[in-house]
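Q: have a look at this prediction, sequence included:
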Amino acid sequence: MAASRFHRGLVLLAVFVSGLKASRLTVNTELSALFNEFWTLDVNRMQPGVDYSILVQGKAGYVNQGVHVVHDRASQPLFSNVNETKLSLIPTFNHLVKLLDNYEISTGVAETVSPAEVRENNLFLDAVMGTAVMKRAHRYLVGKGKSNSDLRLFKSQLYLIWFRLYHRQRNAGMDSSGFEHVFVGETKSGAEIIGFHNWLQFYLQEKHGHLDYKGYKAREQDIPDQDDHVLNLQFSWHGLVKPVGSAFVGASPEFEMALFTVVFLMNTDRSSTVLVNIDQCQMELVVIRHGRSLGTAYPRLLSSNSRHLPRSQPH
């Protein structure tokens, strides 16, 4: 009898785990459609081969978190050029650059936000909210009862999600925020890189000699190219190594904020993963909450160049 109950328990556990795996593989068609609207509306997106060029080079090897030295599979920088003049003329990119040096990257060190930096945060959010991408996100969230139609209240909601300071490291001051973690990047205990999922920060840090691209991460059958809009990357930053990080490439800050704000507000679990198809890519969008604010958010590329789509059979 006990053995029978044990067997039934194993069967139920297997069914449960199988169900979890199946749910992870189900594409969210509603959010895929919405995010493809965002993609089309993202007129500020930088175009590969026109506004920037990348060299993906070699495939990086496996390394454990905390390792400081890895084999470099990329002798050249990831970005061979970026049109900085165009970037400076796009309000959201222009304001984003001004925010990137406002933070202490080490967790455990309390952030000090000056009145001037608060103004910079607000100017950035004003620019983001003025874009077609974020306006569409706002309409969707209002329709779902997740945001208020009042723009002032929606801006306050965005500020709370992205810019509210909180404790990331125990027994420390207010040392982190969703924006800092995702767009700027942080270091933890002087031993590892956490966050850092923005392509413009990657480019600027690489340009100034603080970051060294080590190669891409992908399955053998899905080698990235210079036109891919999402990349899984390995790199070192300030002497530390990120075994694998991921980021949209060329996308505007409003696209990324709209995307992850929707995932954040449409789910209440501490950790949420949504499977979506955007443009020619299939990816998981991972969002982890820190109370009412964002802990982290990033894309995890599964397939690019439409390789996830079923192939038509030859006649």
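A: Arrived safely, thanks for sending. Numbering: from 1, shown residues only.
Q: pLDDT below threshold where in this structure?
A: Scanning the chain for pLDDT under 70 picks out the ranges 1-25, 305-315.
Q: now the helices for it?
A: Applying DSSP state H to the chain gives helices spanning 2-24, 29-41, 84-89, 91-99, 115-129, 132-143, 151-162, 178-179, 199-207, 253-266.
Q: out of those helices, which comes closest to residue 282?
A: helix 29-41 (9.2 Å; C-beta to C-beta). Quick note: C-beta positions are derived from backbone N, CA and C, even for glycine.
Q: tell me which residues in that closest one are buried?
A: Neighbour-count burial for helix 29-41, counted by 16 or more other C-beta atoms under 10 Å, picks out 31-32, 34-35, 37-39, 41.
Q: what does stretch 59-78 give?
A: Result for stretch 59-78 [16+ other C-beta under 10 Å]: buried residues 59-60, 63, 70, 72-74, 77-78.
Q: any idea which of the residues you listed is closest to residue 139?
A: Comparing the buried residues of stretch 59-78 against residue 139 with C-beta to C-beta places residue 78 closest, at 35.4 Å.
Q: returning to that earlier point: show me which of the buried residues of stretch 59-78 is closest to residue 175.
A: Closest to residue 175 out of these is residue 63 (26.4 Å), distances taken as C-beta to C-beta.
Q: identify the residues contacting that closest one.
A: Applying C-beta atoms under 8 Å, 6 or more residues apart in numbering to residue 63 gives the contacts 70, 234, 241, 243.
Q: what's the answer for residue 65, then?
A: 192, 243.
Q: i'd like the first residue to be 248 from this point on
A: Yep, numbering from 248; the last one is residue 312 now.
Q: ok so, going back, can you check which of the helices of the chain gets nearest to residue 469?
A: Between the helices of the chain, helix 249-271 lies closest to residue 469; by C-beta to C-beta that is 18.0 Å.
Q: rewinding a little: which of the contacts of residue 310 are buried?
A: If we count by 16+ other C-beta under 10 Å, those have these buried: 317, 481, 488, 490.
Q: right, I'll call it a day here.
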